[in-house]
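# Structure for the following, please:
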Amino acid sequence: MSMRTIVYVSDYATDVCDALPSNESRQSMVMDLLKAYGLDDDVICFKAANKRELTSFHSEEFIDVVLSSDMENRQKDKFGLQDDCPIFEGLAEYVKVVAGSTLTCANHLLLNEEVAINWYGGRHHCGKNSAQGFCYVNDIVLGINRLRHKYKEVFYIDLDLHHGDGVEKAFRYSKNVTTCSLHRYDVGFYPGTGSLKDNTDSVINVPLRKGLNGETLNKLMDELIFPILRRKQPEVLVIQCGCDGLLSDPAKEWNLTIEDYGQIIKKINDNFPVPKLILGGGGYNHSETAKCWTYITKILKADDTEFDMIPDHKYVDEYEPSGYRFWYHEKSLMKDYNDHEYINSVISSIIKNFT
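Numbers count the residues shown, from 1 in each chain. Take a look at the predicted model:
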């Protein structure tokens, strides 16, 4: 079954999201590259989230503080608004835009069985009462709850380098939402959660070591995630496509390429023809993040545009380090510590919950 793919694009949302301290101007780079390749032709009308929508998951006390216009007198310690989540000018509007963009896409999927892409969203760490890990609102939880108005069985897949802890915690005791996070896990690695011992038949954590490559990721998909999906038979998929696992990302933890991410999304889309909400997330090499999400958009839209040299556009100079080429690979790969013995043990530990 072929489904039309809708890309959420808003110049206003782009300007607002550019102010995020951890990813300043990233959103403009992403959206301008999409436009340069002509992949922004389907647009959903924008609607910012209101307080009632935000407090459908978050506590009213937290939202009141986040939306406050008083920059100096917020209770920073209590609500996590410090360190990796500092208060910044435009925070209130940012929260409403990020949540609103995901809710807008979810509303679209309630009416149309299609694929909706929202590169503004994917903030998976934020808790009910506290900002965490560069995330000031959990738009994913809000979006999933909105999708549940129509779809009984929801399956969430998190491809970010970091554990999708905020989403998992929100749905840990839900019988109709399965959360699945493939992430780097080690002592001292943020957020320090997501081990095998936390798994249930609706919580799937796939803790991975340094150096993960595409071959290993495909093995996990084929032998673990896809069998579980076939057993669960979800009515809708929500996929967080954080790409801080790219070898080019400053984190330097995994060996994944843009092609690897694209291949995984294509396999999921081809094998499970249900409505999908596709979201952004981490990614701190902004030019490579823009390329990765543009490539995923191209795949989901079944666009036949050839990617070679970066087209002329406002941010073309940002691609000078890669010779203005779309396809550019780091030469030095890290050792993949996810050997067959370890991966087989992870698969064996998880799959027993579904037999």
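# can we go C-alpha only for contacts and neighbour counts from here?
Fine.
# Now do the strands in the stretch 51-200 of the chain.
Using DSSP state E, counting those that start in this stretch, the strands found in the stretch 51-200 of the chain span residues 115-118, 154-158, 177-184.
# what's the single longest helix in this structure?
Of all the segments of type helix in the chain, defined by DSSP state H, the longest one is helix 91-111.
# Can you classify Leu33 by secondary structure?
When classified by DSSP: H, G, I helix; E, B strand; the rest coil, Leu33 comes out as helix.
# Quick one, grab the pLDDT at it.
We have a pLDDT of 97 for Leu33.
# unless I'm mixing things up, it is touching Cys292, no?
No - counting by C-alpha atoms under 8 Å, Leu33 sits too far from Cys292 to count as a contact (10.5 Å).
# still on that earlier bit, just the C-alphas of the longest helix of the chain, formatted as CSV.
What follows is helix 91-111, C-alpha atoms only, in CSV (Å, rounded to 0.1, in the frame of the first residue of the first chain):
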residue,chain,number,x,y,z
LEU,A,91,11.7,29.7,25.1
ALA,A,92,7.9,30.0,25.5
GLU,A,93,7.3,30.3,21.8
TYR,A,94,9.8,27.5,21.1
VAL,A,95,7.9,25.1,23.4
LYS,A,96,4.6,26.0,21.8
VAL,A,97,6.0,25.6,18.3
VAL,A,98,7.8,22.2,18.8
ALA,A,99,4.7,20.7,20.5
GLY,A,100,2.4,22.3,18.0
SER,A,101,4.2,21.1,15.0
THR,A,102,4.1,17.5,16.2
LEU,A,103,0.4,17.8,17.2
THR,A,104,-0.4,19.3,13.8
CYS,A,105,1.1,16.3,12.1
ALA,A,106,-0.6,13.9,14.5
ASN,A,107,-4.0,15.6,13.8
HIS,A,108,-3.3,15.1,10.1
LEU,A,109,-2.7,11.4,10.6
LEU,A,110,-6.0,11.1,12.4
LEU,A,111,-7.7,12.2,9.2
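# Show me which positions of it end up buried.
Going by neighbour count (16 or more other C-alpha atoms under 10 Å), the buried part of helix 91-111 is 91-110.
# For that helix, report the contacting residues that lie outside it.
The list of residues contacting helix 91-111 from outside it, by C-alpha atoms under 8 Å, 6 or more residues apart in numbering, reads 8, 13, 16-17, 19-20, 44-50, 54, 66-69, 115-118, 120-121, 136-140, 142-144, 146-147, 149-150, 275-277.
# Just the buried subset of the residues you listed, please.
8, 13, 16-17, 19-20, 46-49, 54, 66-67, 115-118, 120-121, 136-140, 142-144, 146-147, 275-277.
# In helices only, show me those.
Ala13, Val16, Cys17, Leu54, Val66, Asp139, Ile140, Leu142, Gly143, Ile144, Arg146, Leu147.
# Return the member of those residues nearest to Glu288.
Using C-alpha to C-alpha, Cys17 comes nearest to Glu288 of these, at 17.9 Å.
# surely that closest one meets Met31?
No - counting by C-alpha under 8 Å, Cys17 does not reach Met31; the two are 11.1 Å apart.
# what does stretch 283-294 contact?
Residues outside stretch 283-294 that contact it (C-alpha under 8 Å, 6+ apart): 22-23, 26, 29-31, 33-34, 39, 119, 242-245, 248-250, 258, 261-262, 280, 318-319, 326.
# Buried ones among those residues?
22-23, 26, 29-31, 33-34, 39, 119, 242-245, 248-249, 258, 261-262, 280, 319, 326.
# Narrow those residues to those in strands?
The members of the buried ones among the contacts of stretch 283-294 all map outside strands under DSSP state E.
# Next one, pLDDT for the nearest residue to Asp249 once chain neighbours are set aside please.
In this structure, Asp249 finds its nearest non-sequential neighbour in Asn285, 5.1 Å apart by C-alpha to C-alpha, 6 or more residues apart in numbering. As predicted, Asn285 sits at a pLDDT of 97.
# and Asn285, how many neighbours does it have?
Asn285 is flanked by 18 other residues according to other C-alpha atoms under 10 Å.
# ok so, going back, need the ones in helices among the buried ones among the contacts of helix 91-111 in a markdown table (columns: distance to Asn176).
Output for these, formatted as a markdown table (distance: C-alpha to C-alpha, whole Å):
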| residue | distance to Asn176 |
| --- | --- |
| Ala13 | 31 |
| Val16 | 34 |
| Cys17 | 32 |
| Leu54 | 22 |
| Val66 | 30 |
| Asp139 | 19 |
| Ile140 | 15 |
| Leu142 | 15 |
| Gly143 | 15 |
| Ile144 | 11 |
| Arg146 | 13 |
| Leu147 | 12 |
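# Closest one to Tyr190 out of those residues, please.
Ile140 (19.2 Å).
# so who does that closest one touch?
Ile140 touches Thr102, Gly121, Gly122, Arg123, His124, Val167, counting by C-alpha under 8 Å, 6+ apart.
# residue contacts, the last one?
By C-alpha under 8 Å, 6+ apart, the residues touching Val167 are His124, His125, Asn138, Ile140, Val141, Thr179.
# Please report the distance of the fourth one from Gln27.
Spelled out, it's Ile140. When distance is defined by C-alpha to C-alpha, to the nearest Å, Ile140 is 18 Å away from Gln27.
# how near is the residue nearest to Lys76 when sequence neighbours are not counted to Gly188?
Leaving out its chain neighbours, the residue that sits closest to Lys76 by C-alpha to C-alpha, 6+ apart is Gln82, at 6.0 Å. With distances taken as C-alpha to C-alpha, Gln82 is found 20 Å from Gly188.
# Between the two, which is the more surrounded one?
Using other C-alpha under 10 Å, the more surrounded residue of Gln82 and Gly188 is Gln82, with 15 against 8.
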